[in-house]
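Engineer: need coordinates for the following:
(3 chains)
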Amino acid sequence: MAAAARAALPRPHLPLPFSSRRSPSLSFTPPSTVHLRGGAAAAPHPQLVTTRLGDVIEAQQFDRDALNEIFEVAREMEAVERGSHGAPSRVLQGYLMATLFYEPSTRTRLSFEAAMRRLGGEVLTTENAREFSSAAKGETLEDTIRTVEGYSDIIVLRHFESGAARRAADTANIPVINAGDGPGQHPTQALLDVYTIKREIGTLDGIKLGLVGDLANGRTVRSLAYLIAKYQNIKIYFVSPDVVKMKDDIKDYLNSQGVAWEESSDLLEVASKCDVIYQTRIQKERFSERIDLYEAARGKYIVDKKVLGVLPKHAVIMHPLPRLDEITVDVDSDPRAAYFRQAKNGLYIRMALLKLLLVGR
Amino acid sequence: MAAAARAALPRPHLPLPFSSRRSPSLSFTPPSTVHLRGGAAAAPHPQLVTTRLGDVIEAQQFDRDALNEIFEVAREMEAVERGSHGAPSRVLQGYLMATLFYEPSTRTRLSFEAAMRRLGGEVLTTENAREFSSAAKGETLEDTIRTVEGYSDIIVLRHFESGAARRAADTANIPVINAGDGPGQHPTQALLDVYTIKREIGTLDGIKLGLVGDLANGRTVRSLAYLIAKYQNIKIYFVSPDVVKMKDDIKDYLNSQGVAWEESSDLLEVASKCDVIYQTRIQKERFSERIDLYEAARGKYIVDKKVLGVLPKHAVIMHPLPRLDEITVDVDSDPRAAYFRQAKNGLYIRMALLKLLLVGR
Amino acid sequence: MAAAARAALPRPHLPLPFSSRRSPSLSFTPPSTVHLRGGAAAAPHPQLVTTRLGDVIEAQQFDRDALNEIFEVAREMEAVERGSHGAPSRVLQGYLMATLFYEPSTRTRLSFEAAMRRLGGEVLTTENAREFSSAAKGETLEDTIRTVEGYSDIIVLRHFESGAARRAADTANIPVINAGDGPGQHPTQALLDVYTIKREIGTLDGIKLGLVGDLANGRTVRSLAYLIAKYQNIKIYFVSPDVVKMKDDIKDYLNSQGVAWEESSDLLEVASKCDVIYQTRIQKERFSERIDLYEAARGKYIVDKKVLGVLPKHAVIMHPLPRLDEITVDVDSDPRAAYFRQAKNGLYIRMALLKLLLVGR
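Structural biologist: Predicted coordinates:
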């Protein structure tokens, strides 16, 4: 949302009562990317100094209180969805969301559109905005945003360039949600991952988390590491082939936050003491012609029945999907296989964000 | 719908009171593909032993009673559509249909989406799911279905592989409708064809039907032959170029069902004694480089003013569309040209199926 | 809308009380393209001999009274849009619009779909109907229209062939809106341009208008010249590189209507005495390999701070968008930069047309 728009919005969104008490030691957000805004008017929780969520651009913008609030609303959304037949929600009735996708991502697009519809809102879709005639003719993203904001109440942007969501938000007078910008951020995925851990395990403080697979290129595991560091007594195990090890920037960040981590090459040993095994896909497209390296990396750490055999009863297997064979199909029927529930949680998280951004709590 | 889901659905569909009394001599459905399920609870027609329609996978799954019920509901849908302005139907309010199309078929997609909207429901669209980023990355259809079922209440699947709809239905915990799976089935087309005959002629028992054109490759005429065999005293005439004659499996099936049929090379003679002339397009793509054979086959049996001249007053011309020149344009204005009414009936049949699958009669 | 359909529509649209008193001296419309129809029944303005707007095919079909009526309704639409949250409009509840786009134009499509949704209506979308399986198989536009009209209440057609919208309208029994047919017409763009002048300047009679840029190829400026000629005491300045000068047919037409015009090569001089500067993009695709000519033409007339410096305080800058660098970005923040408001007006004009075509005033 453009700075100029904040003072006088044509149709102001209700404030979101995020606490402005931010824990400096836990906060990764540099001041320039803070998206919380003051404003006590109409705050349903008067005991808090409330602020407003303007845009959703990157995982790091949320502090613990903000995360807690989003997760509480997400939990409420489960009931909204269950009750939608016959008496659907009217929470976002009359609101229009534009999904501006410059690269296809059907899973993410469908879950945003389902979220909007389950709340009674409407949707404008562009499946492949890169062929948006105007973009092809050389129109800037900023000009496109200025046009589309005239037709809608909120923009969900998927773009191939890192930083595109920030540029869009700086231009728009309506809220912008980043649905992935190239190698950059995909904050709603990070939120649904953390929400799934909380929902499945019951707590976030004190959990032991095994991150497995491609830790070098996966923005998912990187964002998850940033977010989980906001909680207490976390222990992270990195389990990955040598060619795709977790990079130093994340390790340094975890150190600065006092998060314990170690690297391991023994998936069974790690699985036996974790609350969550977060498996990821080795991305073939990162290896170009070195197919031999890809094949070696790919087969090295598979979640299968053997892993289930040592995994604690209360623990869960997660995966951002799509999955190839890094989790064998015979794992699916185990109650600890949480990855399809995790995908479903994406719906609740996106419902919560749409509600919070458009009408507030 | 997955077998495991049948016992305890999260949000159970109301039962569809299909009679379970199936006529063995007319039924083509082998036991393994029966999609009718027992269950008397909440049956609105208590005098019947009711069963439930779980998925729509293939034309043969329906017996006469099921067809009658679908056709009765389709007839009611005409009034629902007529009344939609101002006071639209709320029958499927709060329900969400996902159209998962792995190959484009705009006609079929639009008619399903119109059907859902005319009943007050909402739609999630994928025009080209083959580029679904996950499918491109190697995700299985089953995993995609497990994700999409979390975002919707019913899946309409168009796929390029025969058997894909069955696999999807075996995975999903929500109903699946086959909107065409490659060279396999396209059951809603078959249903609308039979419904059109009933709607135009007034009866199905005793009709004389001329199937014209490409009888070897057209799944439409093959499905129609299967379905029409469920009725009494049917007579079928096959009129086709030698290279695209009706295959023996259908002829054998008709024999086994006691349906009279004969082949003819005289379209005028056949037209003079039929109730329905069902014309089809000769599919160029089946002839590869033998364009000469295609051209010869294509021009051989044209429905034109001469055919109209001998066709009985009460009879109709049908065609699954798209039409090239196998029916001349000057036929369109004749009241016996039923092909655009037939396309419209696709809307009513799909409304009926969506209603029956989601909320029952 | 097909002539045959006019007598007895299945679900008749309410009449639009356009005055039938047409000013012959101002009317460009030859009798064969008149789309106003007599019919006094249910006329809400009984003092007028009312007529009905059947289709929107070309800018010239509208006389001054028709334009006034559309603009009045467009103005009312601003309030409808503002009030849409919480208590959305039900004006088009239960109506279904099909956007049949044979070439992509996301801006135009989104604005039509937003217009329909803001009025409570529903949408069927085809983003790329050229790949409509039926069109690819050789189906005529007329047959496609006959199918799609069975699924919807109004068709918005974008096509690559000039005259396609007229052919569609002659076939359909429901209203058709031309959303651009190749090098032909784009009437809703012309309407929103004239509406923007009226909305920004307050009047249309007596205005001075500078048309700048590619005047040879741009259908936008050509349509605008036709429409503005319906008003009194208009003065037009053409400012363009020699290779893309305004063509003689428009000049002859303006002469025949008594509209004063002159050509100029001095943008600053023109800007200093105009009410409206209408800038356009030099279309690279028109120059094929003569990139040198394109580059020369492109840089010649730029709207920048210098132009703003001489432009009257009450005047505005317009542009149909997308914009490259023919308006510099530092102009955007000037209140006289009207081009994004102009894009927004496209929403109101399309809301007005949908309302008038489907339910009348």
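
Engineer: going forward, measure contacts between C-alpha atoms and count neighbours the same way
Structural biologist: Will do.

Engineer: residue A:142 should be in a strand, yeah?
Structural biologist: No. Under DSSP: H, G, I helix; E, B strand; the rest coil, residue A:142 falls outside any strand and is assigned helix.

Engineer: residue A:167 is in contact with that one, correct?
Structural biologist: Yes. If you go by Cα atoms under 8 Å, residue A:142 and residue A:167 touch, sitting 7.2 Å apart.

Engineer: quick one: the helices in chain A?
Structural biologist: Assigned by DSSP state H, the helices in chain A fall at A:3-7, A:64-82, A:106-118, A:133-136, A:141-148, A:164-171, A:187-201, A:219-228, A:248-256, A:267-271, A:291-298, A:305-310, A:339-358.

Engineer: now distance to residue B:188 and mean neighbour count too, for those, in CSV please.
Structural biologist: Below are these laid out as CSV (distance: least, Cα to Cα, whole Å; neighbours: other Cα atoms under 10 Å in any protein chain shown):
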stretch, distance to residue B:188, mean neighbour count
helix A:3-7, 51, 12
helix A:64-82, 29, 18
helix A:106-118, 25, 25
helix A:133-136, 36, 17
helix A:141-148, 38, 20
helix A:164-171, 43, 22
helix A:187-201, 37, 22
helix A:219-228, 41, 22
helix A:248-256, 54, 14
helix A:267-271, 49, 20
helix A:291-298, 42, 15
helix A:305-310, 41, 16
helix A:339-358, 30, 24
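
Engineer: looking at these, which has the lowest confidence?
Structural biologist: Sorting those by mean pLDDT places helix A:3-7 lowest, at a mean of 54.

Engineer: how about the contacts made by residue A:1?
Structural biologist: Counting by Cα atoms under 8 Å, 6 or more residues apart in numbering or on different chains, residue A:1 touches A:54, A:55, A:168, A:169, A:170, A:171, A:172, A:173, A:174, A:175, A:176.

Engineer: repeat for residue A:148
Structural biologist: By Cα under 8 Å, 6+ apart, residue A:148 lies in contact with A:98, A:155, C:107, C:110.

Engineer: the last one reaches residue A:151, doesn't it?
Structural biologist: Yes. At 7.3 Å, residue C:110 and residue A:151 qualify as touching, with contact defined as Cα under 8 Å.

Engineer: what does stretch A:79-92 contact?
Structural biologist: By Cα under 8 Å, 6+ apart, stretch A:79-92 touches A:116, A:118-121, A:355, A:358-359, B:11, B:90-95, C:85-86.

Engineer: for chain B, what are the nearby residues on the stretch 51-200 of chain A?
Structural biologist: A:82, A:84-88, A:104-107, A:110-111, A:113-115, A:117-118 (Cα under 8 Å from any Cα of the partner chain).

Engineer: do that again at 10 Å, thanks
Structural biologist: Within the stretch 51-200 of chain A, the positions near chain B by Cα under 10 Å from any Cα of the partner chain are A:81-89, A:103-115, A:117-120, A:122-123, A:125, A:127.

Engineer: what residues are shared contacts of residue C:110 and residue A:151?
Structural biologist: A:98, A:124, C:347 (Cα atoms under 10 Å, 6 or more residues apart in numbering or on different chains).

Engineer: which residue is the nearest non-sequential neighbour of the second one?
Structural biologist: Here the nearest residue to residue A:124 in space, its sequence neighbours aside, is residue A:98; by Cα to Cα, 6 or more residues apart in numbering or on different chains that works out to 4.6 Å.

Engineer: so what's that neighbour bridging to?
Structural biologist: Taking DSSP bridges as the rule, residue A:98 bridges to residue A:124, residue A:155.

Engineer: can you name the residue of the stretch 151-300 of chain A nearest to chain C?
Structural biologist: Nearest to chain C, among the residues of the stretch 151-300 of chain A, is residue A:151, at 5.8 Å (Cα to the nearest Cα).

Engineer: just the stretch 1-150 of chain A next, same as before
Structural biologist: residue A:94 (4.5 Å).

Engineer: what is the end-to-end distance of stretch A:130-148?
Structural biologist: With Cα to Cα, to the nearest Å as the measure, the ends of stretch A:130-148 fall 14 Å from one another.

Engineer: what residues does the stretch 1-150 of chain A have near chain C?
Structural biologist: A:10-11, A:90-98, A:121-129, A:131-140, A:143-144, A:146-150.

Engineer: which among those end up buried?
Structural biologist: Neighbour counting by 16 or more other Cα atoms under 10 Å in any protein chain shown classes A:90-98, A:121-129, A:131-135, A:139, A:143-144, A:146-150 among the residues of the stretch 1-150 of chain A next to chain C as buried.

Engineer: can you tell me the closest non-neighbouring residue to residue A:217?
Structural biologist: That would be residue A:244: by Cα to Cα, 6+ apart, it lies 7.1 Å from residue A:217.

Engineer: same question, residue A:122
Structural biologist: According to Cα to Cα, 6+ apart, the nearest residue to residue A:122 is residue A:96 (4.8 Å).

Engineer: isn't that neighbour right up against residue C:118?
Structural biologist: Yes. The criterion here is Cα atoms under 10 Å, and residue A:96 meets it with residue C:118 at 8.3 Å.
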